[in-house]
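J.: Predicted model, plus sequence, below.
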2 protein chains.
Amino acid sequence: MHPKKQLPPGDSLNTRERILNSAEVLFAEHGFERASLRALTTAARVNLAAVHYHFGSKAALIRSVFEQRLAPLNAERLGELDALENAARGHPLPPAGIIEAFFGPVLRMSMDRGPGSGGHRFIQLLGRAHAESSPTIRDLLESAYIKVVDRFGTALRRALPQMPEKELAWRIHFMLGAMSYVIAGTDAVQ
Amino acid sequence: MHPKKQLPPGDSLNTRERILNSAEVLFAEHGFERASLRALTTAARVNLAAVHYHFGSKAALIRSVFEQRLAPLNAERLGELDALENAARGHPLPPAGIIEAFFGPVLRMSMDRGPGSGGHRFIQLLGRAHAESSPTIRDLLESAYIKVVDRFGTALRRALPQMPEKELAWRIHFMLGAMSYVIAGTDAVQ
DNA sequence: GTATGATTCAAACGCCCGTTTGAATTGCTT
DNA sequence: AAGCAATTCAAACGGGCGTTTGAATCATAC
């Protein structure tokens, strides 16, 4: 039957994890559409049908790879913003602090090139997702970000009350663009 | 036989042009891979095989769509840079002028939303190409840009001799990122 | 008007994809 | 040891893709 387990059994995680790891690698390297389940399951030394058994569909696998890593990342962002707000005690926050709370966790994860940790790999994948056109991916990103964007937008608007809404929106757009481009990049620079 | 014409005959251009136009629209809207030749030829009210007759392959069609528009754009960029250099008479150029020579033509083309002209449409396509992962597209972009990047890089280095090479590279990277992100964007802002 | 080459067309080819199936195998429980 | 669900597996399904083919049509030159 479909992924119904009666209990967390002994060690089915092995297959699941192997799929998740290979998926992260291949999605980051080739993009979500170009990386096929056949290539992926071969790399993971796992049967093709295992993806559907453990995840249900390719889209669901993408979602899993995504959320598994993005959730902690966004939690860290919100945590840093919380810390800033607690320290400010009601006063508006320093804009640079807000921006650092948003980009810091990503940049730190991107530097993390320890073997096995794969932080860098996931950030590459995140950059790829930003550049993706397919509605599936765009929806996924949006739903994962909506809470974060909302909190940070509010904080920035409060920190810069004199800045026109439009101008602020453009600046945020520019920042996001620079970030996603640099992150997705092929390390051409540096 | 394959695309060998004995003479520019009466009006074969009609089919070729219809394909090019539909290709630009659909590539810009859905990306190069997601837009299929079947969808494209249907939209152009043209037979499926006409693409291979007139262009040889999908990749060659992409190249044609691309070069047809990118060549004049890059010519304009280089022209503006030439004008700057002639006006400066050997002195280093104002950095803002260099940057305007590079981004100005794109931004102007992007604003051009007159029906039929399709400037905006092509710039969207250009943004999509920047975000693309496939080697075909990356190679295409690189070969189309290499001359421009070289000239502008030299000009910037000469205009900002005190700036470390690395720092300059990063700044260029950021600018390109912001541009491609904004341009490819779904007009979410503004 | 007929010959010739350019162009269009419907149909098929072969490939890769995500997904489904149903039978083996495995591992735990009793 | 038997039973049973969880898991693995090889094989196939159906569909979309870029491409090829070979005949039909069209336009031109003689």
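T.: That came in fine, so what should we check first?

J.: ok, the residue nearest to residue A:95 when sequence neighbours are not counted to chain B distance?
T.: Closest residue in space to residue A:95, ignoring its immediate chain neighbours: residue A:159 at 4.9 Å, by Cβ to Cβ, 6 or more residues apart in numbering or on different chains. All C-beta spots, glycine's among them, are computed from the backbone N, C-alpha and C. If you measure residue A:159 against chain B using Cβ to the nearest Cβ, to the nearest Å, the figure is 19 Å.

J.: where's the residue of chain A most remote from its centre relative to chain B, distance?
T.: Within chain A, residue A:162 marks the point farthest from the mean C-alpha position, 31.8 Å out by Cα atoms, centre = their mean. Distance from residue A:162 to chain B, counting by Cβ to the nearest Cβ: 19 Å.

J.: For the residue positioned nearest the centre of chain A, give me the pLDDT.
T.: With distances taken as Cα atoms, centre = their mean, residue A:70 lies nearest the centre of chain A, 3.9 Å away. Reported pLDDT at residue A:70 in the predicted model: 90.

J.: Next, the contact list for the residue nearest to residue A:95, please.
T.: Applying Cβ atoms under 8 Å, 6 or more residues apart in numbering or on different chains to residue A:159 gives the contacts A:92-95, A:98.

J.: Next step: the residues you listed restricted to helices.
T.: Residues of the contacts of residue A:159 located in helices (DSSP state H): A:95, A:98.

J.: If you rank the contacts of residue A:159 by neighbours, which is first?
T.: For the contacts of residue A:159, the largest number of neighbours (other Cβ atoms under 10 Å in any protein chain shown) sits with residue A:98, at 23 neighbours.

J.: What helix or strand is the closest residue to that residue other than its chain neighbours located in?
T.: Closest residue to residue A:98 apart from its sequence neighbours, by Cβ to Cβ, 6+ apart: residue A:155 at 5.1 Å. Applying DSSP states H and E as the criterion places residue A:155 in helix A:135-159.

J.: hmm, back to that, thought the residue nearest to the centre of chain A was touching residue A:144?
T.: Yes. Residue A:70 is in contact with residue A:144 according to Cβ atoms under 8 Å; the separation is 5.1 Å.

J.: before we move on, what SS does residue A:46 have?
T.: coil (DSSP: H, G, I helix; E, B strand; the rest coil).

J.: Let me know how buried it is, in neighbour terms.
T.: Neighbour tally, residue A:46, other Cβ under 10 Å: 18.

J.: could you check whether the biggest helix by length in chain A is close to DNA strand C?
T.: Assignment by DSSP H gives helix A:58-88 as the longest helix of chain A. Yes. Using Cβ under 7 Å from any atom of the strand, helix A:58-88 comes into contact with DNA strand C via A:58-59.

J.: Would you mind getting the angle between the helix or strand residue A:171 falls within and helix A:135-159?
T.: Using DSSP H and E, residue A:171 maps to helix A:165-184. Between the axes of helix A:165-184 and helix A:135-159, defined by axes from the mean of the first three to the mean of the last three Cα atoms, to 10 degrees, the angle is 130 degrees.

J.: and helix A:165-184, what does it pack onto?
T.: Counting contacts by 3 or more Cβ pairs under 8 Å, 6 or more residues apart in numbering or on different chains; DSSP states H and E, helix A:165-184 packs against helix A:95-111, helix A:119-131, helix A:135-159, helix B:165-184.

J.: Now with 6 Å, please.
T.: Counting contacts by 3 or more Cβ pairs under 6 Å, 6 or more residues apart in numbering or on different chains; DSSP states H and E, helix A:165-184 is packed against helix A:119-131, helix B:165-184.

J.: if we can go back for a sec, ok, now which ones touch the residue nearest to the centre of chain A?
T.: residue A:144 (Cβ atoms under 6 Å, 6 or more residues apart in numbering or on different chains).

J.: Quick one: neighbours of residue A:96, just the number.
T.: Close neighbours of residue A:96, defined as other Cβ under 10 Å, add up to 9.

J.: next one: residue A:97
T.: 19.

J.: now residue A:143
T.: Neighbour number of residue A:143 under other Cβ under 10 Å is 11.

J.: which of the contacts of residue A:159 has the weakest pLDDT?
T.: Among the contacts of residue A:159, residue A:92 has the lowest pLDDT, at 88.

J.: Now that residue: closest residue in space, sequence neighbours ignored.
T.: In space, residue A:92 is closest to residue A:159, 4.7 Å off (Cβ to Cβ, 6+ apart).

J.: If I look at the one you found, what pLDDT would I see?
T.: Confidence score, pLDDT, at residue A:159: 94.

J.: And it, how close does it get to residue A:77?
T.: 16 Å (Cβ to Cβ, to the nearest Å).

J.: Over to residue A:34?
T.: When residue A:34 is compared with residue A:77 (using Cβ to Cβ), they lie 29 Å apart.

J.: So if I had to pick from the two, which one is more boxed in?
T.: residue A:77 (20 against 13).
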